[in-house]
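# no sequence on this one, just coordinates:
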């Protein structure tokens, strides 16, 4: 049996966490609970799980969009006072 690669784990983790958040949200909606505090906390927990999954799904911080031209220091002739 092949062990999962780090890339596979990194790509599946947000899907797993978002699924758990969705299950919590649907469960809260379908249960008969007259207690507003339980409903509010359940929806908050579901939203937090989905938001956490979205944060994990973002690209890594090591990817840079700055080109070599933009990263050069400004010379004294280019400075604007």
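Right, received. Where do you want to start? Owing to the predicted nature of the structure, the values given are computational and were not obtained by experimental measurement.
# where along this structure do the helices fall?
6-30, 36-57 (DSSP state H).
# Let's have these in a markdown table, adding mean neighbour count and mean pLDDT.
C-betas here are computed from N, CA, C, even on glycine. Converted to a markdown table, these look like this (neighbours: other C-beta atoms under 10 Å; pLDDT from 0 to 100):
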| stretch | mean neighbour count | mean pLDDT |
| --- | --- | --- |
| helix 6-30 | 14 | 88 |
| helix 36-57 | 14 | 87 |
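# Tell me who's in contact with the closest residue to residue 52 other than its chain neighbours.
In this structure, residue 52 finds its nearest non-sequential neighbour in residue 17, 5.8 Å apart by C-beta to C-beta, 6 or more residues apart in numbering. Listed by C-beta atoms under 8 Å, 6 or more residues apart in numbering, the contact partners of residue 17 are 49, 50, 52, 53, 56.
# Repeat the analysis, applying 6 Å as the threshold.
For residue 17, the contacting residues are 49, 52, 53, by C-beta atoms under 6 Å, 6 or more residues apart in numbering.
# Wait, the first one touches residue 22, no?
If I follow you right, that is residue 49. No. Using C-beta atoms under 6 Å, residue 49 is not in contact with residue 22, being 8.3 Å away.
# follow-up on the earlier one: the residue nearest to residue 52 and residue 51: what is the separation?
10 Å (C-beta to C-beta, to the nearest Å).
# And for residue 26?
Taking C-beta to C-beta, one finds residue 26 at 17 Å from residue 51.
# Check residue 24 too.
13 Å.
# Next: residue 13.
14 Å.
# same deal with residue 41?
Taking C-beta to C-beta, one finds residue 41 at 15 Å from residue 51.
# try residue 43
12 Å.
# Kindly report the same for residue 19.
For residue 19, the distance to residue 51 - C-beta to C-beta - is 14 Å.
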